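[1] the sequence isn't on hand, but the structure is:
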């Protein structure tokens, strides 16, 4: 599933091509996504300007006139690509947004777990309510993390809870906990303020690095064959079961937490 850095890179990739443009045609080939696309989406979007291209958690937000917005979630396998007119559709290209400069923003989603939703900026969609702060914002710091994690739940489970912080995701939660030297099964309430300082800084660092590495893929958003995938980066623990820790050479261990795989170094993380 695309995580926050992948979604943010998508936002940055499409923004220069969408900002200030008008939608001239909208075609829904397959409305059966995670939630059915509204029947009148084409009429609702056509001839409207795109005033901003934002992101909240893993939702892309296209701000339109009158305060209304189109929310796009990539789900587990979704992607957005800008293509030239007359570029042949692929099997799982489900929605097309044609812009007044002629390019088409095409939504591709083999598993159809993504979403195209609508709301108003003053009455946000239910999916955007009760969300915690963005992990790269000033609101997410050691004091906030300390106050929010006074619970019996494992710290990794808390990091992947949207009311605590949005968009960290499994890969980056594993990596940040390793960087901070914290075992993923530790109870949130066992962390002291120093632990929370290391952890909040680690989360910002791993996400920022991933976004920076993703910057090299931005040109792919105007090529039909561009495939974003996960960024080519050196992961310290994620998906490295039994491989030597890059710091101490101890084999990386794996266990299941809340139905997700957790990876850690038994020596470096406590």
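    Everything's here; your move. Given the structure is predicted, the values throughout are model-derived calculations rather than measurements. Numbering: from 1, shown residues only.
[2] quick one, helices of the stretch 51-200 of the chain?
    Per DSSP state H, counting those that start in this stretch, the stretch 51-200 of the chain carries helices over the ranges 142-148, 155-159, 169-180, 193-214.
[3] which strands and helices sit next to the second one?
    Other elements packing on helix 155-159 under the criterion 3 or more C-beta pairs under 8 Å, 6 or more residues apart in numbering; DSSP states H and E are helix 169-180. For the C-beta atoms, the positions are set from N, CA and C on the backbone; glycine is no exception.
[4] please state the offset of the helix it packs on from the chain centre?
    Per C-alpha atoms, centre = their mean, to the nearest Å, the displacement of helix 169-180 from the mean C-alpha position of its chain is 15 Å.
[5] residues touching stretch 113-125, excluding its own?
    33-35, 37-38, 41, 44, 63, 67-78, 95, 107, 127-128 (C-beta atoms under 8 Å, 6 or more residues apart in numbering).
[6] ends of that stretch, how far apart?
    The first and last residues of stretch 113-125 sit 18 Å apart, counting by C-alpha to C-alpha, to the nearest Å.
[7] ok, and for it, which residues are buried?
    114-119, 125 (16 or more other C-beta atoms under 10 Å).
[8] what mean pLDDT does it get?
    For stretch 113-125, mean pLDDT rounds to 97.
[9] next, format the buried residues of stretch 113-125 as TSV and append distance to residue 58.
    Compiled in TSV, the buried residues of stretch 113-125 are given as follows (distance: C-beta to C-beta, whole Å):
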residue	distance to residue 58
114	10
115	10
116	14
117	13
118	17
119	16
125	13
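[10] just the residues you listed now: which is nearest residue 238?
    Minimum distance to residue 238 across the buried residues of stretch 113-125 is 23.5 Å, recorded for residue 114 (C-beta to C-beta).
[11] got the confidence number for residue 251?
    pLDDT, residue 251: 98.
[12] could you shift the numbering so residue one becomes 48, and keep it that way?
    Fine by me, first position is 48 from now on; the one you just mentioned is residue 298.
[13] who's in contact with residue 307?
    Counting by C-beta under 8 Å, 6+ apart, residue 307 touches 207, 217.
[14] if we can go back for a sec, of the helices of the stretch 98-247 of the chain, which is nearest residue 49?
    Taking the helices of the stretch 98-247 of the chain one by one with C-beta to C-beta, helix 216-227 is closest: 8.7 Å.
[15] what packs against that closest one?
    Right, helix 216-227 is packed against helix 51-65, helix 202-206, helix 240-261, strand 307-311 by 3+ C-beta pairs under 8 Å, 6+ apart.
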